[in-house]
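Visitor: just a sequence and a predicted model for now, questions to come.
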Amino acid sequence: MNASELSRFDVAIIGGALMGSSVAYHLLLANPHLSIAIIEPDPDYQFASSARASGGCRVQFTCPENIAMSLYSIDFIKNFDSVMRTVSQPADVGWVEGGYRLLAQHEHIATLERNVRLQREQGCVVELLSPSELKSRFPSMNVSDLGVGAFTPHDGWCNPIHLLWGFRRKVVDMGASYIAAKAVAANSDRTKVQSIVLSDGRVLRADAFVNAAGAWAGEVAALFGMPLPIRPMPRLEHYFTPASPMEKVPYIKEFSRLAFRSEGTGFSGGLVDGNAPRGFNFEVDHGYFDRVVKPAAAHRFPVLQTASCERTWSGLYEQNEFDGNPVIGVWSNGVQNLYTVAGFSGHGMMHAPAAGRAISELILHGVYQSIDLSKLGYQRIHACIPYSELGIV
Ligand SMILES: Cc1cc2nc3c(=O)[nH]c(=O)nc-3n(C[C@H](O)[C@H](O)[C@H](O)COP(=O)(O)OP(=O)(O)OC[C@H]3O[C@@H](n4cnc5c(N)ncnc54)[C@H](O)[C@@H]3O)c2cc1C
């Protein structure tokens, strides 16, 4: 081994925010003797989506895989402190079981009812509420254009930064090494990736490599010659307060992609612009709240007409342009020791526990042991057969 070479690892994980750290945690939980390197160029997580997320966790999806991942992950997040605390550090993630409420206008009633049937079949608790029931629970809500609302009382939100650091501290405690560098090149032969080259010039060899680079996953895949349709999609989040008092709300979501929840004396949320130009753009459009978010929020809660935006921040969705669902598993038609766990398109924080466990199962056993995520594999992209999630709003 020369000076520019690191010792060999069992697993090298590229991207050390939530997804990469969860992979490392689940690997070490299954086998504490594994040597694991996590490559993370931004150790303060200034740009990672994990540190910019809104914290929402819900079971309201349509793909059985996403519902199953939510059920495992939400339970994991609820019990995070008791499982993830270390001898020296608690791991409180500030879980709030405030519920999710998806509101549907008349044209979406059938869709929402079908989705709820699917969720109930998988054991989720979901209530369907008529407009008058919604009004009696939320007196400030305008229900004039609503057909139905679906409420999942055991959903909620957590502090994503605490979740991220809780994972990282635990993983370090369990023996993994975070390396503050960027993966910039890869050396592969026809069957295997042999090593990656880091931005500081060192070469890192491993038996298995995991691409957990979030919005950067497409770039990282390209280092290996793997086409991966994951692009950075800028997304704004706002903290806003009402001018006059309003009741607390669960995580409210609408088919327009408006989403917000109570936070302190105000609300945290936004309205996703699915057409936002793709790119690593962290600029904040300070007019977006007044132009787009406030009118939509005030339509639902007229008292928000005079809301003021206290803070706006930007982040990146790791958007899978192919079908909006994550890519999880090996590069089916490429080298067999390169795993991908990316492309969650807006729900990666809540699914990090289950997705990390899934990758650990694939690396250690070659097949899924708990939730079968085969349909989320790369082969659907290679075969050009989309598998879309209809519950992302
Ligand atoms: C505003 C906003 C709100 C959101 N709200 C929610 C929500 O309510 N619920 C939810 O579940 N999800 C939410 N999300 C999505 C969620 O944040 C992401 O899906 C999740 O954080 C993805 O985690 P990750 O670890 O894959 O990616 P990231 O957190 O982005 O981490 C990827 C890491 O890879 C590193 N990296 C990049 N290039 C390289 C390289 N070449 N070599 C090594 N490392 C590299 C980066 O430095 C980064 O730290 C939200 C996202 C945004 C932007």
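Guide: Great, that's in hand.
Visitor: going by C-alpha atoms from here, please, whenever you check contacts or count neighbours.
Guide: Fine.
Visitor: how many other residues sit next to S88?
Guide: The number of residues packed near S88 is 7, by other Cα atoms under 10 Å.
Visitor: that one - that's part of a helix, no?
Guide: No: in this structure, S88 is coil, not part of a helix, as judged by DSSP: H, G, I helix; E, B strand; the rest coil.
Visitor: from the ligand, how far out is it?
Guide: Distance from S88 to the ligand, counting by Cα to the nearest ligand atom, to the nearest Å: 24 Å.
Visitor: show the pLDDT at that residue.
Guide: For S88, the pLDDT comes out at 93.
Visitor: same deal with R117?
Guide: For R117, the predicted pLDDT is 96.
Visitor: give the contact list for A150.
Guide: 100-103, 112, 116, 126-129 (Cα atoms under 8 Å, 6 or more residues apart in numbering).
Visitor: among these, name the ones in strands.
Guide: 100-103, 127-129 (DSSP state E).
Visitor: list just the nearest of those residues to the ligand.
Guide: Y100 (11.1 Å; Cα to the nearest ligand atom).
Visitor: tally of neighbours for that closest one?
Guide: With other Cα under 10 Å as criterion, Y100 counts 29.
Visitor: now it: how far from K135?
Guide: 16 Å (Cα to Cα, to the nearest Å).
Visitor: ranges for the strands of the stretch 251-393 of the chain?
Guide: For the stretch 251-393 of the chain, applying DSSP state E, counting those that start in this stretch gives strands covering 251-254, 258-263, 266-271, 308-320, 327-330, 338-342.
Visitor: ok, which of these comes nearest the ligand?
Guide: strand 308-320 (3.6 Å).
Visitor: in the closest one, what counts as buried?
Guide: 308-309, 312-320 (16 or more other Cα atoms under 10 Å).
Visitor: try stretch 132-142
Guide: Here stretch 132-142 shows 134, 138, 140-142 as buried, counting by 16+ other Cα under 10 Å.
Visitor: who in the stretch 101-250 of the chain is up against the ligand?
Guide: Residues of the stretch 101-250 of the chain that fall close to the ligand, judged by Cα under 6 Å from any ligand atom: 182-184, 212-216, 220, 235-237.
Visitor: just the buried residues of those residues.
Guide: Buried among those (16+ other Cα under 10 Å): 182-183, 212-216, 220, 235-237.
Visitor: what residues are bridge-paired with the nearest residue in space to E254 that is not next to it in sequence?
Guide: Distances taken as Cα to Cα, 6 or more residues apart in numbering put L103 closest to E254, at 5.2 Å, once the chain neighbours are dropped. L103 has these beta-bridge partners by DSSP bridges: G149, E254.
Visitor: for burial, what's the neighbour tally of L103?
Guide: 26.
Visitor: show me what contacts it?
Guide: 146-150, 252-255.
Visitor: which SS class is the residue nearest to I363 when sequence neighbours are not counted?
Guide: For I363, ignoring the flanking residues on the chain, the nearest one in space by Cα to Cα, 6+ apart is A208 at 7.5 Å. Secondary structure, three-state DSSP: A208 is strand.
Visitor: show me where pLDDT drops low in the protein?
Guide: The chain contains residues with pLDDT under 70 at 1-4, 391-393.
Visitor: find the centremost residue of it, please.
Guide: Centroid-nearest residue in the chain: G348, 1.2 Å away (criterion: Cα atoms, centre = their mean).
Visitor: helices of this protein, residue ranges please.
Guide: 18-30, 64-78, 80-84, 109-121, 131-137, 160-173, 217-223, 288, 294-300, 348-365, 379-382 (DSSP state H).
Visitor: so of those, which one's packed in deepest?
Guide: Comparing those on average neighbours per residue, with mean count of other Cα atoms under 10 Å, the densest one is helix 18-30 at a mean of 26.
Visitor: what about that one and the ligand, touching?
Guide: Yes: Helix 18-30 is in contact with the ligand by Cα under 6 Å from any ligand atom, via 18-20.
Visitor: ditto for stretch 350-363
Guide: Yes: residues of stretch 350-363 contacting the ligand under Cα under 6 Å from any ligand atom: M350.
Visitor: how far out from the middle of the chain is that stretch?
Guide: 12 Å (Cα atoms, centre = their mean, to the nearest Å).
Visitor: output that stretch as PDB, restricted to C-alpha atoms.
Guide: Output of stretch 350-363 as PDB, limited to C-alpha atoms (Å, rounded to 0.1, in the frame of the first residue of the first chain):
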ATOM      1  CA  MET A 350     -38.600   9.500   6.000                       C
ATOM      2  CA  HIS A 351     -37.500   6.500   4.000                       C
ATOM      3  CA  ALA A 352     -33.900   6.500   5.000                       C
ATOM      4  CA  PRO A 353     -34.200   3.900   7.800                       C
ATOM      5  CA  ALA A 354     -35.900   1.300   5.500                       C
ATOM      6  CA  ALA A 355     -33.800   2.100   2.500                       C
ATOM      7  CA  GLY A 356     -30.600   1.800   4.500                       C
ATOM      8  CA  ARG A 357     -31.700  -1.600   5.900                       C
ATOM      9  CA  ALA A 358     -32.600  -2.700   2.300                       C
ATOM     10  CA  ILE A 359     -29.200  -2.000   1.000                       C
ATOM     11  CA  SER A 360     -27.500  -3.700   3.900                       C
ATOM     12  CA  GLU A 361     -29.600  -6.800   3.200                       C
ATOM     13  CA  LEU A 362     -28.600  -6.800  -0.500                       C
ATOM     14  CA  ILE A 363     -24.900  -6.400   0.400                       C
END
